[in-house]
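>>> Pasted the sequence and its predicted model underneath.
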Amino acid sequence: MGALSTERKRLRLRAAVFVCCSAVLVGVDQMTKSLAQTYLSATASRPLIPGFVSLRLLYNPGATLGMGSSMTWLVALVELAACVAFLVLAARTASWWWTFAFAFAFSGALGNLIDRIVYAHGFLNGAVVDFLDYGWSIGNIADVELTVAAVLIVVGMLFSMPFSSKER
């Protein structure tokens, strides 16, 4: 009974960290998108790190590099499915590494899904607010969060980070 109680406490702690981390990450994403809409325009670019990234407002109805622009509802449904999958994975892991990886992934997917819902003119046909212009692509903080999640996942797999307590 003691081991079960300890495991439940650990699960609750990981869940609380996941929720807090996700809330902060989604909050930062949505705040920066709001600031971008207030202070940036689609026509003028502002250098952030000269030669590397600038700031320019863009509403992207598609996914990465504008792919899927004509099927925004499908992109939104994939983001919704990803959010559910990351929640399930986060609930099943006993690892802090994977908890943080899934929090970043969940937050990035949720941040862009929120945009698709808030800026929709019909069923899930909204656009994502992008403002980080790399020259070859324009993204947002949610995209950065997804990139961090991808790196964490790859590193976790390369170093065989245990997913569950059984793997330890």
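Nice, thanks for sending it over. None of the values given here were measured: they were computed from a predicted structure.
>>> just how off-centre is the lengthiest helix in the chain within its chain?
For the chain, the helix that runs over the most residues, judged by DSSP state H, is helix 2-39. Put simply, helix 2-39 sits 12 Å off its chain's centre (C-alpha atoms, centre = their mean, to the nearest Å).
>>> what comes up buried for that helix?
Arg14, Phe18, Cys21, Ser22, Leu25, Val26, Val28, Asp29, Gln30, Thr32, Lys33, Ala36 (16 or more other C-beta atoms under 10 Å). C-beta: built from backbone N, CA, C; applies to glycine.
>>> okay, who's weakest in the residues you listed by pLDDT?
Among those, Arg14 carries the lowest pLDDT, at 94.
>>> Who's the closest spatial neighbour of Val28, skipping the chain neighbours?
Excluding the flanking residues, the one nearest Val28 by C-beta to C-beta, 6 or more residues apart in numbering is Ile141, at 5.9 Å.
>>> In contact with that neighbour, which residues?
Val28, Asp29, Thr32, Lys33, Gly111, Leu132 (C-beta atoms under 8 Å, 6 or more residues apart in numbering).
>>> got the residue ranges for the helices in this protein?
2-39, 72-92, 96-118, 141-158.
>>> and the last one with helix 96-118, angle?
Computed with axes from the mean of the first three to the mean of the last three C-alpha atoms, to 10 degrees, the direction of helix 141-158 lies at 150 degrees from that of helix 96-118.
>>> Quick one: mean pLDDT for helix 141-158?
For helix 141-158, mean pLDDT is 97.
>>> Restrict that helix to CA atoms and write it as PDB.
The C-alpha trace of helix 141-158 is given here as PDB (Å, rounded to 0.1, in the frame of the first residue of the first chain):
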ATOM      1  CA  ILE A 141       6.600  30.700 -30.000                       C
ATOM      2  CA  ALA A 142       4.400  27.600 -30.200                       C
ATOM      3  CA  ASP A 143       6.500  26.400 -33.100                       C
ATOM      4  CA  VAL A 144       9.600  27.000 -31.000                       C
ATOM      5  CA  GLU A 145       8.000  24.900 -28.200                       C
ATOM      6  CA  LEU A 146       7.300  22.100 -30.700                       C
ATOM      7  CA  THR A 147      11.000  22.300 -31.800                       C
ATOM      8  CA  VAL A 148      12.200  22.000 -28.200                       C
ATOM      9  CA  ALA A 149       9.800  19.100 -27.700                       C
ATOM     10  CA  ALA A 150      11.200  17.400 -30.800                       C
ATOM     11  CA  VAL A 151      14.800  17.800 -29.600                       C
ATOM     12  CA  LEU A 152      13.900  16.500 -26.200                       C
ATOM     13  CA  ILE A 153      12.100  13.500 -27.700                       C
ATOM     14  CA  VAL A 154      15.100  12.700 -30.000                       C
ATOM     15  CA  VAL A 155      17.600  13.100 -27.200                       C
ATOM     16  CA  GLY A 156      15.400  11.000 -24.900                       C
ATOM     17  CA  MET A 157      15.300   8.200 -27.500                       C
ATOM     18  CA  LEU A 158      19.000   8.400 -28.300                       C
END
